[in-house]
Structures are given as C-alpha cells and as structure tokens.
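> Sequence and predicted structure, then a few things I'm wondering about:
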Amino acid sequence: MDATTAFPSLLSQGLDLLFNTELPVGLALLDTEFRYVRINKTLADFNGVPAQQALGRSVKAVLPEAYATLGPLLQQVLDSGVGLQGFRVQAEVPSFPGELSEWEASYLPVKNDLGHTCGILVQAVNITVQELALRRERESEERVRRVLDSLFVLVGVLSPEGVLQEANRAPLEAAGISLEEVQGQYVWDTYWWRHDAGQQAWLKQAVKEVAAGGLVRKEVKVCMAGGKLVTIDFMLAPLRDEAGRVTHLIPSAIDISDRVASERALRASEARFRSAFEAAPDGMTLVDAERRILLANASMNRLFGYAAGELTGRCIDELLPAAMRQAHVGHVGRFFATPQVRPMAARKPLHGQRLDGSLFPLEVGLSPIPGSDPPEVLATVSDVSERVAAQTKIQQALEEKTALLGEVHHRVKNNLQIISSLLRLQSANAPEAARPALQDSQSRVRAMALTHQLLYERKDFAGMELGPYLHQLTTLLCESYLGQPSRVRVEVQAPEQGLHIDLQTAVPCGLVVNELVVNALKHAFPGGRAGLIRVCAADDPAAPGKTLTLEVSDDGIGLPEGMGLASANSLGFQLLPLLADQMGASLALLPGPGTRVRLQVPRHEGLSA
C-alpha cells in the first residue's frame, strides 16, 4: 500500500482513536446541518445524552435549551469559515437541568479539498464544577467576612512579618478609619498602636515570638476614634498550614474598658468597705450558713479577746455560752431559710463568751448579703454592758422615785383625811349655823384626798382615769348628804378608761364636780322632792383626744331668777370660775330645766390614751 492509499486509512484510525479515548476535553464533529457525526464520551456525558443517541441528531435537538446560545456561534463559524477559540458559554444542558452550566469551547471549521467548510470540530472543557467551587469559595469567604464584620471582637490577619492584610469591621469603625488606610502597614505602625512607642516595641517583639510558633496575650491600651484610649484584651496567635508551618498571624481582641472600669470601681468599693469594716466601733463579722466565720474586724476580735485573724474559720457558736449553742443552731437555720434584715435590739439581748470564758451582754443585727452563693450574713455585734448597767440604775432610780411619790401621795391623803376628821369633829361641836360651811369644807377636802388615794392605789403618778374617780367621788357625796332612804339619785355617765387626766387637772376637776353635786343635793330638791343628778364626762367630738366635756345637771328647781355663776353668793359657786381658770377650761351655765353646768377641759399631750 502506497502513501496515497494509506493516508485515508490512517486518518480514519486516528479519528477513531481520538473520539474513543477518554480525554479531559469534549470533542464532536458536526456537519453543515449541525448534526453530530462523531462525539466522544466526555462531551456526551457533559451534554447528558449518550453518544449513540446523539449521533445523527442536530445540536438543537440534543441541546434545545442551549441552542439559543450555541446556534448563532455555530452559524457564524459555518458562514465565515473562521474558527472561534477559547470562548466561554453558559447554558442549560440535560446533565444539569434547571442550572446554568459553564464551559470553555472552541469551534473550528473543517474544510474540504476545495477549501469549503464542510463541518465544524467542537472542543469543549466543562468548567462548571471548577466555577461552582470558585463561586462557593468566594461565597464562603464573603460569608466569613460578614460573620467577622458582625462580631464585636477585633479580628485581623497578619503576614508572618507583621504586615496587616485583613481586619474586620469592628476595629476599623471603632477607630474611624478604613481598611485601605492601614492595609499593607506593619501592624505596630497602624493607627491603633502609634500613640505609645513602648507598646509598638512590645508588639514588634510579640510578632517575632508568634511567627516562631508562640502565643501572646496581654491587656493593652489602643487608640480609637478621637484619640480615645481603650483597654483591650489582646491575643496574637499563629495560623498553621497542614504541614505545621506558620503561614499567618491572627490578632484578636475584645474591648474590656467597661470591665476594667467595673473592676476598678469594685476594688475601690471593696477598699471602702474594708476601711469602714475595720474602722467600725462595733464588732462586725461575715458568717456563712454553716456558721463559719469568714471575716471579722478589729472590734470583733477585741470584743471577744482574740488576736487578729484568730476568729476566721471558727464556728460562731464558740462565741456563745455553752447553754445557748444548741438553740443557736436552730436560730441560724431558720434565719437562712428566710433571710431578712434584722436590726439591733430586734430581740432581747444575748450574752457573748470571751476567749477567757467571761460573759457579757450584747445585741446582734443581721444583714443578709444579696446574691451570695453560698448564702452569707453580715452580723453587727454591740457590747451593751454599759447600757444594761445604765438601764439597771435607771430602773432602780425609777423604783425609788415611784416609792417616794407613792409615799408622798399616801401621806397627803392621810393628812387630808386627818383634816377631814378634824372638820367633822369641829362640826359636831360648832353652832348650827356654822355646820353647813364645815360640812362643805369637809367634802372639798375629801374630794382632794380621793385624788391622791387613787394615784397611790393605781401607781400612776402622772394622772388617772376620770370615770372611776367620778364614780367614787359621787358615792362619797351621797353618803355625806343624802339620808337613807333618799328620793334623789345620782347617775354617772363616764367610761372606765379613755379619759386620762393629769394631776394638775384632777384636783380642780374633782372640786368643780364636788361643788356642783353638793349644790344640787342641798338646794335642787326642797321638801323631800324626788330627782336625778347626772354627771357626764366624754371626749369632745369636735376635738377628739384634745378636749373633754364634763357636764353636771339636775332636774330640780333650778337657780333663782337672775342668778348666774358670776353673781352667786355661795363660796362654792365663787370657786368655780377660779378652778376652771386653773385648768384652762371654759365654764358655761346652760338653760334648764333644772341646773346644767358644762366644763370644757383641755387634755394634755400624751394623756389622751
């Protein structure tokens, strides 16, 4: 076989080998109707149509969705005879339904011996997967960037030499700068660090250490917008590749200015508390629910006779007498079950036991510590030895004064009774005309004696209840002036309690009632007439607790025509205005029937119970 006959055979074998070998490049041979004459497996798989089904069919039939893009390009090559090389095409193919596939293609004209285009050779490389991977990588990078930009922390990327390559939004916005202003600079020369040469030198050395595989972390101050210095928790760490080589440095930081300020304020508060705690004149101790002493101030140590630090860790029960310790365990348990502030003297004084065994009275105030876990309480302990001693002395003095006042009132009452007895004896031997005056004087003395008797009996020397006094006084007057039997009744309307009057009011008030009742007994019911004398006492509704109203009335014949309190001739009626003035009271004669006299008596503060 000569060369002329051998070449077509060789060409045919070469094409068969080219189209039947799996190549990374898709190949197809189209005729002038754009029908597939030959197609290799790579392109058939890319198109999503088996090679045998594609042969003899046009591109439009095999790739109907893509033909709108491919048809004009094929027609251009067929018409011009000039190939298109290295162009990119995006279209939908059956292998990726619903998605745009992308490939890089070349359309080359195949010409016959006459130079006419008789077909088109298609070369195509599917770059869909690569482009998808690149797109996903870009999306991933953008997503990471968005995540980093949304973080409050400060994150960046440095080269191993310390050149800033990337920074997230937080540090840029905080400093009021853009990435372009600092990108490509050594990190120690950037805006954040330029304010302090010492820190720049430290950071430069830190970059060397981390580039060598180390890790650096430190609280530092960096410059933000407006020159404001902000404290950050800064860390610089290496980023390694799969082989373990340091490829980048990752600086990260968080603004801790608020935390630093809070810690500073807390330390200042703790210092103030410690100072006040130690300087407090009362003993102060911090105790937990297990009754362990966590802290004790100098006054607490001194109070119980311990050296500084000796109380810490001890059980608080050791500071109590042995007889009280068991009960104290229950008290502590109940307190921590429902903790609440308990002020000093909220309970009766306790007794503490010093290191030497001596006992002393004390008071304890309790203040739970809010939020403590486990729960704690601050106990304030006060030595009340001096106060208890003073109270004992005061009580003794009060008892002595009470006894003395009782003796005074007892003796005054006895002396007045002696005077009353003398008047009674004098009356028995006096002329008939003088006896009424002596009897009236005797009743006045007995009214005063009754006041002192009630004060002595009730042991209340500041005053007395008016109701019981009026009952006893009217009883004495009835015994003295009314015979048995009598048609005159005396009625007292006054509460047993609630009308408390002082001594300065009791004596003149009793004398007023005495004069008015005696006058009624003697003159209101002549000729043995029946009648009623009423003595009423009550709190004044117009001024409750401040004024009491006392009224003495009878249903007798009344006062003579034209006679008033000021114009009466009797000594008793002449005494009434004087006695009212002594009490600061108002006295009024009211219209009948009978005789009605009303007394408005002011009550002193503290005696209106």
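Right, received. Where do you want to start?

> residues touching the residue nearest to residue 381 when sequence neighbours are not counted, list them.
In this structure, residue 381 finds its nearest non-sequential neighbour in residue 283, 3.7 Å apart by Cβ to Cβ, 6 or more residues apart in numbering. For glycine as for every other residue, the C-beta is placed from the backbone atoms N, C-alpha and C. Counting by Cβ atoms under 8 Å, 6 or more residues apart in numbering, residue 283 touches 296, 297, 299, 300, 302, 303, 304, 380, 381, 382, 383.

> who does the last one bridge with?
Meaning residue 383. Here residue 383 shows beta-bridge partners residue 362, assigned using DSSP bridges.

> Test my guess that it contacts residue 303.
Yes: using Cβ atoms under 8 Å, residue 383 is in contact with residue 303, at 5.8 Å.

> what residues are shared contacts of those two?
Common contacts of residue 383 and residue 303 (Cβ under 8 Å, 6+ apart): 283, 352, 362.

> Would you check how far apart the residue nearest to residue 381 and residue 359 are?
When distance is defined by Cβ to Cβ, to the nearest Å, residue 283 is 15 Å away from residue 359.

> got it, and residue 528?
Applying Cβ to Cβ to residue 528 and residue 359 gives a distance of 77 Å.

> Settle it for me: which of those two has more neighbours?
The neighbour comparison of residue 528 against residue 359 (other Cβ atoms under 10 Å) goes to residue 359, with 12 against 9.

> Hmm, the more buried one is touching residue 350, no?
No: Residue 359 is not in contact with residue 350 according to Cβ under 8 Å; the separation is 10.0 Å.

> Count the residues that sit near residue 323.
For residue 323, using other Cβ under 10 Å, the count is 8.

> where does the stretch 251-400 of the chain have low pLDDT?
Low-confidence segments of the stretch 251-400 of the chain (pLDDT under 70): 344-349, 397-400.

> quick one, strands of it?
Secondary structure of the stretch 251-400 of the chain (DSSP state E, counting those that start in this stretch): strands located at 283-288, 293-296, 350-353, 359-368, 376-383.

> Out of those strands, flag the one nearest residue 25.
Nearest of those to residue 25, taken as Cβ to Cβ: strand 376-383 at 80.5 Å.

> Distance from that closest one to the middle of the chain?
Computed by Cα atoms, centre = their mean, to the nearest Å, the separation of strand 376-383 from the middle of its chain amounts to 23 Å.

> One more: stretch 547-555?
Centroid separation for stretch 547-555 versus its chain: 60 Å, with Cα atoms, centre = their mean.

> thinking again about what came up before, can you put the strands of the stretch 251-400 of the chain in TSV and add distance to residue 275?
As requested, the strands of the stretch 251-400 of the chain are exported to TSV (distance: least, Cβ to Cβ, whole Å):
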stretch	distance to residue 275
strand 283-288	12
strand 293-296	14
strand 350-353	25
strand 359-368	18
strand 376-383	15
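
> For residue 128, find the nearest of these.
Per Cβ to Cβ, nearest to residue 128 of the strands of the stretch 251-400 of the chain: strand 376-383, 69.1 Å.

> I'd like to check what contacts the closest one. Which residues are they?
With Cβ under 8 Å, 6+ apart as the test, strand 376-383 has contacts from 280, 282-289, 294, 300, 303, 316, 335-336, 339, 344, 352, 360-369.

> could you check the angle strand 359-368 makes with that strand?
150 degrees (axes from the mean of the first three to the mean of the last three Cα atoms, to 10 degrees).

> Pull the contacting residues for residue 280.
Neighbour list for residue 280: 297, 299, 380 [criterion: Cβ under 8 Å, 6+ apart].

> shouldn't the first one be in contact with residue 277?
Yes: under the criterion of Cβ under 8 Å, residue 297 makes contact with residue 277 at 5.1 Å.

> can you list the domain ranges for this protein.
Per automatic domain parsing, the domain ranges recorded for the chain read 3-132, 151-260, 280-383, 464-609.

> Do me a favour and get the end-to-end distance for stretch 523-542?
Start-to-end span of stretch 523-542 (Cα to Cα, to the nearest Å) is 33 Å.

> Look up which helix or strand residue 239 falls in, please.
Using DSSP states H and E, residue 239 sits in strand 229-240.

> so what does that strand touch, helix or strand wise?
Applying 3 or more Cβ pairs under 8 Å, 6 or more residues apart in numbering; DSSP states H and E, one finds that strand 229-240 contacts helix 197-211, strand 216-223, strand 246-255, helix 257-279.

> gap between the second one and the chain center?
Put plainly, it is strand 216-223. Distance of strand 216-223 from the chain centroid (Cα atoms, centre = their mean) equals 35 Å.

> And for stretch 25-38?
83 Å.

> Then stretch 193-208?
With Cα atoms, centre = their mean, you get 44 Å for stretch 193-208.
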